[in-house]
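Colleague: Fold the following for me, if possible:
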Amino acid sequence: MIATPGNHDDVPGRRAVIALLAVATALVVGFWVVWFFVDRSLLAMETRPAYIEHEQSFVLADGWLAFCTSAAALALWRRRASAFFWLVAGGGAGLFLGSMDALYDISRNDWFATGGVGYTELGIVVLTWGLGIGLMTWAWRRRRGLLYPASPGGRRARSPGPPRPRPGACARGRRWWDRRAPAAASGDRRP
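Modeller: Residues are numbered from 1 along each chain as shown. Predicted coordinates for the structure are as follows:
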């Protein structure tokens, strides 16, 4: 198959990441729909009021994670440079949420002392960390393709290119005082 503007995916793995972001958004939204509107006991490890308050304190942060992942998916689908920002923001939100949940679980020894429910909680933390690290790693490794997406005509927008020489540097990287005039070899010195 010949790569043309119609069938060429300019950032490798873009479609898979869009699907992953859609699933992550659906899981976060689905969790809170079940928590508030269906049956909290399906998700809760405990029924203590302190635990319920702890879990409910994550609503805004989870909402931010869901917003970042859905914005990243939309920006990737539209091939917008803002996808890089949303991927990094979503990855950072995932790391933050996973870390907060892990610290609470570790302080209470919830992972290994509570059996299956604790293992589920450990799995959620590991998946959240994996999503965060994975999104940021994928975005960083493909930052050039994300920040300078192909135009509709199939040509990539120009990147800024290599850095310009420092002021005072010559074309080959030497300083002005290192230059030797061609006439210096013949004994004709310039003032």
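Colleague: I'd like the next helix or strand past the helix or strand of the chain with the lowest mean pLDDT.
Modeller: Of all helical and strand segments in the chain, the minimum by mean pLDDT, DSSP states H and E falls on helix 110-113, at a mean of 76. Going down the chain from helix 110-113, the next helix or strand is helix 116-141, by DSSP states H and E.
Colleague: Please work out which residues outside the following helix or strand past that following helix touch it.
Modeller: Next in sequence after helix 116-141, counting helices and strands by DSSP H and E, comes helix 143-147. Outside helix 143-147, the residues that touch it by C-beta atoms under 8 Å, 6 or more residues apart in numbering are 10-12, 76, 81, 83-84, 87, 139, 159. C-betas here are computed from N, CA, C, even on glycine.
Colleague: In helix 143-147, which residues are buried?
Modeller: 145-147 (16 or more other C-beta atoms under 10 Å).
Colleague: could you flag which of the contacts of helix 143-147 are buried?
Modeller: Here, 16+ other C-beta under 10 Å leaves 10-11, 76, 83-84, 87, 139 buried among those.
Colleague: what two of these are the furthest from one another?
Modeller: Distance extremes for those: the farthest pair is Asp10 and Leu87 at 15.5 Å, using C-beta to C-beta.
Colleague: Helix, strand or coil: sort out the spatially closest residue to Trp138 that is not a sequence neighbour for me.
Modeller: Of all residues not flanking Trp138 in the chain, Val17 sits nearest, at 6.1 Å (C-beta to C-beta, 6 or more residues apart in numbering). Taken by DSSP: H, G, I helix; E, B strand; the rest coil, the conformation at Val17 corresponds to helix.
Colleague: Show the contacting residues for Val17.
Modeller: Taking C-beta under 8 Å, 6+ apart, one finds 73, 76, 87, 135, 138 in contact with Val17.
Colleague: ok, so of the buried residues of helix 143-147, who is nearest Tyr119?
Modeller: Leu146 (35.7 Å).
Colleague: What separation is there between the closest one and Ala72?
Modeller: 10 Å (C-beta to C-beta, to the nearest Å).
Colleague: just Ala102 next, same as before
Modeller: 23 Å.
Colleague: how many degrees apart are the helix or strand containing Trp64 and helix 116-141 in direction?
Modeller: For Trp64, the host element (DSSP H and E) is helix 59-77. Angle of helix 59-77 versus helix 116-141, following axes from the mean of the first three to the mean of the last three C-alpha atoms, to 10 degrees, is 40 degrees.
Colleague: packing partners for helix 59-77?
Modeller: Judged by 3 or more C-beta pairs under 8 Å, 6 or more residues apart in numbering; DSSP states H and E, helix 59-77 is in contact with helix 14-33, helix 82-108.
Colleague: what are the C-alpha coordinates of that helix, in PDB please?
Modeller: Coordinates of each C-alpha in helix 59-77 appear next as PDB, following Å, rounded to 0.1, in the frame of the first residue of the first chain:
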ATOM      1  CA  VAL A  59     -14.300  13.500  41.800                       C
ATOM      2  CA  LEU A  60     -12.800  16.800  40.600                       C
ATOM      3  CA  ALA A  61      -9.300  15.300  40.000                       C
ATOM      4  CA  ASP A  62     -10.900  12.400  38.100                       C
ATOM      5  CA  GLY A  63     -13.000  14.800  36.200                       C
ATOM      6  CA  TRP A  64      -9.800  16.700  35.200                       C
ATOM      7  CA  LEU A  65      -8.200  13.400  34.100                       C
ATOM      8  CA  ALA A  66     -11.300  12.500  32.000                       C
ATOM      9  CA  PHE A  67     -11.300  16.000  30.500                       C
ATOM     10  CA  CYS A  68      -7.600  15.700  29.600                       C
ATOM     11  CA  THR A  69      -7.900  12.200  28.100                       C
ATOM     12  CA  SER A  70     -11.000  13.200  26.000                       C
ATOM     13  CA  ALA A  71      -9.300  16.400  24.800                       C
ATOM     14  CA  ALA A  72      -6.200  14.500  23.900                       C
ATOM     15  CA  ALA A  73      -8.200  12.000  21.900                       C
ATOM     16  CA  LEU A  74     -10.100  14.700  20.100                       C
ATOM     17  CA  ALA A  75      -6.900  16.600  19.300                       C
ATOM     18  CA  LEU A  76      -5.100  13.500  18.100                       C
ATOM     19  CA  TRP A  77      -8.100  12.600  15.900                       C
END
